[in-house]
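Chemist: A structural model of the following input is requested.
(2 chains)
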Amino acid sequence: EAGVAQSPRYKIIEKRQSVAFWCNPISGHATLYWYQQILGQGPKLLIQFQNNGVVDDSQLPKDRFSAERLKGVDSTLKIQPAKLEDSAVYLCASTLHGELFFGEGSRLTVL
Amino acid sequence: DAKTTQPNSMESNEEEPVHLPCNHSTISGTDYIHWYRQLPSQGPEYVIHGLTSNVNNRMASLAIAEDRKSSTLILHRATLRDAAVYYCTANTGNQFYFGTGTSLTVIP
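Modeler: Predicted coordinates for the structure are as follows:
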């Protein structure tokens, strides 16, 4: 069974530029999550989707972050414009019956 | 969401048992307790979960206090590959919030 796929693995941009991350969850997993993990901290939930609807986006900085999950499968997380404090690993996870499966993450460095 | 509290770090000698504690005093009756671990440069991976009864699987055991305000992840024989950050999280309705976790060092 294929795992959660994320791309790109690494991205370096300058502040005020934009960036997009892509996630393909495990086939059949209805629930998809985006987490932000800053170095030395635990993952912080940004947004949770159930199929293509948003369940929880209370911690998503909506002035600069956006996410969508068209057709209830793949998802994209966008940051525009990026700030220095957005440097982090962005983790995508999915679940079917309660056990979370994570991708390897996309490491963002903002200069 | 229920807040979880874990020690920042722990050490264990190789091939000895490790008991990793977690406090979740605000947990509700329907929250499952999940444990995940994260190896360097990887995403977290599932370890074990439970509701009320103690649970065992090939990776670890989970001991849940009778009042459910705390739990302990037990690694029966620590190996060098078990060195990781371990997170406990209380899960309600597929919502998972992570704390800072416990960084486990295994000493050869």
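
Chemist: give the contact list for residue A:49.
Modeler: Taking CB atoms under 8 Å, 6 or more residues apart in numbering or on different chains as the definition of contact, the neighbours of residue A:49 are A:31, A:32, A:33, A:55, A:67, A:69, A:72, A:75. No exception for glycine: its C-beta is placed from N, CA and C like everyone else's.

Chemist: switch the cut-off to 6 Å
Modeler: Under the criterion of CB atoms under 6 Å, 6 or more residues apart in numbering or on different chains, the contact partners of residue A:49 comprise A:32, A:69.

Chemist: Nearest residue to whatever residue of chain B ends up closest to chain A in space, please, no chain neighbours.
Modeler: Per CB to the nearest CB, the residue of chain B with the smallest distance to chain A is residue B:43, at 3.2 Å. The spatially closest residue to residue B:43, leaving aside those adjacent along the chain, is residue A:102, at 3.2 Å (CB to CB, 6 or more residues apart in numbering or on different chains).

Chemist: where's the spatially most central residue of chain A, which helix or strand?
Modeler: For chain A, the residue lying nearest the average C-alpha position, counting by CA atoms, centre = their mean, turns out to be residue A:34 (3.4 Å). Following DSSP states H and E, the helix or strand that holds residue A:34 is strand A:31-37.

Chemist: quick one: contacts of that strand?
Modeler: With CB under 6 Å, 6+ apart, strand A:31-37 has contacts from A:25, A:43-50, A:67, A:69, A:75, A:77, A:88-95, B:94.

Chemist: mind checking how far the residue nearest to the centre of chain A is from chain B?
Modeler: From residue A:34 across to chain B, the span is 12 Å (CB to the nearest CB, to the nearest Å).

Chemist: Around chain B, pick out the residues from chain A.
Modeler: Applying the criterion CB under 6 Å from any CB of the partner chain, the portion of chain A that neighbours chain B consists of A:31, A:42, A:43, A:91, A:99, A:102, A:103, A:104, A:105.

Chemist: quick one on the thing from earlier: name the SS class of the residue of chain B closest to chain A, please.
Modeler: With DSSP: H, G, I helix; E, B strand; the rest coil as the basis, the three-state label of residue B:43 is coil.

Chemist: Looks like it contacts residue A:89 (just checking).
Modeler: No - with contact defined as CB atoms under 6 Å, residue B:43 does not count as touching residue A:89 (8.4 Å).

Chemist: Compare neighbour counts for those two and give me the winner.
Modeler: Using other CB atoms under 10 Å in any protein chain shown, the more surrounded residue of residue B:43 and residue A:89 is residue B:43, with 23 against 20.

Chemist: That one and residue A:51: what is the separation?
Modeler: For residue B:43, the distance to residue A:51 equals 22 Å [CB to CB, to the nearest Å].

Chemist: same deal with residue A:30?
Modeler: When CB to CB is applied, the distance between residue A:30 and residue A:51 equals 5 Å.

Chemist: Between those two, point out the one with more neighbours.
Modeler: The residue with more neighbours, out of residue A:30 and residue A:51, is residue A:30; 15 against 12, by other CB under 10 Å.

Chemist: for the closest residue to chain B within chain A, what are its contacts?
Modeler: Per CB to the nearest CB, the residue of chain A with the smallest distance to chain B is residue A:102, at 3.2 Å. In this structure, residue A:102 makes contact with A:91, A:93, B:43, B:44, judged by CB under 6 Å, 6+ apart.

Chemist: I'm done for today, thanks for sticking with me.
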